[in-house]
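> Just a sequence and a predicted model for now, questions to come.
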Amino acid sequence: MTSYPRLLHTVLDTTRPRALAEFYRELLGLRYRPGDEPPDHGGPDEPDWLVLTDDEGNRKLAFQLVEELPRTTWPGADVPMQLHLDLTVPDEPLYVFADLAGHPFCIFVA
């Protein structure tokens, strides 16, 4: 029997991991991996790595700190999209958005 690798999570580069993680946490109803939650003290919090999970604890998205991230010029080709997420909803037309780091994502009817 062949054993194939499993996808653990998708990683998004960002100059602001906490802000981008919070954006997707709210958009997708995810939660932080234990230990990745925002600090209670309200002070500065810019970790270099964060993970979001579903309600069962399955990893879904991770966010990695980078020093700079050129914003895509999509649909122009100067700076390619590099990655985009396709999300579905039960009753909305197609929309194309960009997250805080400039990563495009699409929401369309399933």
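Looks like it arrived, so ask away.
> CA atoms for contacts and neighbours, from now on please.
Noted.
> which residues does residue 104 contact?
By Cα atoms under 8 Å, 6 or more residues apart in numbering, the contact list for residue 104 reads 81, 83-85, 96-98.
> same thing but at 10 Å, please
Taking Cα atoms under 10 Å, 6 or more residues apart in numbering, we find residue 104 in contact with 71-72, 74, 81-86, 96-98.
> Can you tell me which of those is nearest residue 61?
residue 85 (10.8 Å; Cα to Cα).
> residues in contact with that closest one?
Residue 85 is in contact with 10, 96, 98, 103-107, counting by Cα under 10 Å, 6+ apart.
> where's the closest residue in space to residue 103 that isn't next to it in sequence relative to residue 13, distance?
Spatial nearest neighbour of residue 103, chain neighbours left out: residue 84 (6.1 Å); criterion: Cα to Cα, 6 or more residues apart in numbering. Remark: distance between residue 84 and residue 13 (Cα to Cα, to the nearest Å) = 12 Å.
> Residue 36 too?
The gap separating residue 36 from residue 13 is 17 Å, by Cα to Cα.
> ok, those two, which is more surrounded?
Per other Cα atoms under 10 Å, whichever of residue 36 and residue 13 has more neighbours is residue 13, with 19 against 14.
> Could you give the bridge partners of that one?
residue 64 (DSSP bridges).
> What segments of this protein are strands?
Ranges of strands in the chain, per DSSP state E, are 10-14, 31-32, 49-53, 59-65, 85-89, 95-98, 104-109.
> what separates the fourth one from the chain centre, distance-wise?
It stands for strand 59-65. Averaging C-alpha positions (Cα atoms, centre = their mean, to the nearest Å) puts strand 59-65 6 Å from its chain's average.
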